[in-house]
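# task: produce atomic coordinates for the following.
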Amino acid sequence: MLGKTPRILKSGKHQLEFYRTLWKTILAGKVFRTTIINKKKNGELYHAEQTITPVKGFHDRITHFVSVIRDVTDRIGTEEELRCVTAELARSNHELDQFASLIAHDLREPVRTALGFAQLFVPRHQEKLAAEATEFLGYIAADLTRMDQMISGLLELCRVVRAEGRLSRQTAQLLVSRPYRSSVQRSRKVVGSFTTTACQL
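Numbering: from 1, shown residues only. This next block holds a predicted model:
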């Protein structure tokens, strides 16, 4: 190999500066280690770890070089897939953080504000309200409380997905569906309590 560009490096994927560094290193008697893109006899490219070691003879002169090449194509491919997955996970986490922020601020705050007013209204005006109106306001407060619980469930959902990178169907149903089912049952009860009045125009 001395004085020649090694055949194993002729993949067309390396710049001239790469070869200059290679020869400068090994001609100085140092070991050259790198990961290269190599070419097989059939023209197929592959990734390889290469170590070129100068061998010295009499008077400490370099007589030849020993090159050891190890195919690491599979490892490089796995590392690239891992980088892609990591980048996609980072993007998903960013979107999840934005969604959690939307839930926490744009949804939870109005619900809690409405709940606060509902809870204050009844004690202050209970004497002026009919029993049925007080009951319905209680339903409203209860449903707002359950909605706040649903929002808490969604935030917990975001936390679980961010921590585990995945979400099972059972976990999602457990966190979200219970407050929803309770709210639907309460709504049906309220609707069913209204009387029907016939009007003649």
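# ok, now which ones touch residue 126?
Residue 126 makes contacts with residue 134, as judged by Cβ atoms under 8 Å, 6 or more residues apart in numbering. (Glycine included, C-beta is placed from N, CA and C.)
# how close does it sit to residue 151?
Counting by Cβ to Cβ, to the nearest Å, the gap between residue 126 and residue 151 amounts to 28 Å.
# okay, now the domains of the protein?
7-71, 77-188 (automatic domain parsing).
# pairing partners for the longest strand seen in the chain, with directions?
Longest strand in the chain by number of residues (criterion: DSSP state E): strand 45-56. In the sheet containing strand 45-56, its partner strands are strand 32-39 (antiparallel), strand 62-71 (antiparallel), by DSSP bridges.
# for it, list the C-alpha coordinates in CSV.
What follows is strand 45-56 as a C-alpha-only set of coordinates in CSV (Å, rounded to 0.1, in the frame of the first residue of the first chain):
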residue,chain,number,x,y,z
LEU,A,45,-21.0,0.2,-1.0
TYR,A,46,-20.8,-0.6,2.7
HIS,A,47,-19.7,1.0,6.0
ALA,A,48,-16.5,-0.3,7.5
GLU,A,49,-14.2,0.4,10.4
GLN,A,50,-10.7,0.5,9.2
THR,A,51,-7.4,0.4,11.1
ILE,A,52,-4.1,0.9,9.2
THR,A,53,-1.0,0.2,11.2
PRO,A,54,2.6,1.0,9.9
VAL,A,55,5.1,-1.8,10.3
LYS,A,56,8.7,-0.9,10.8
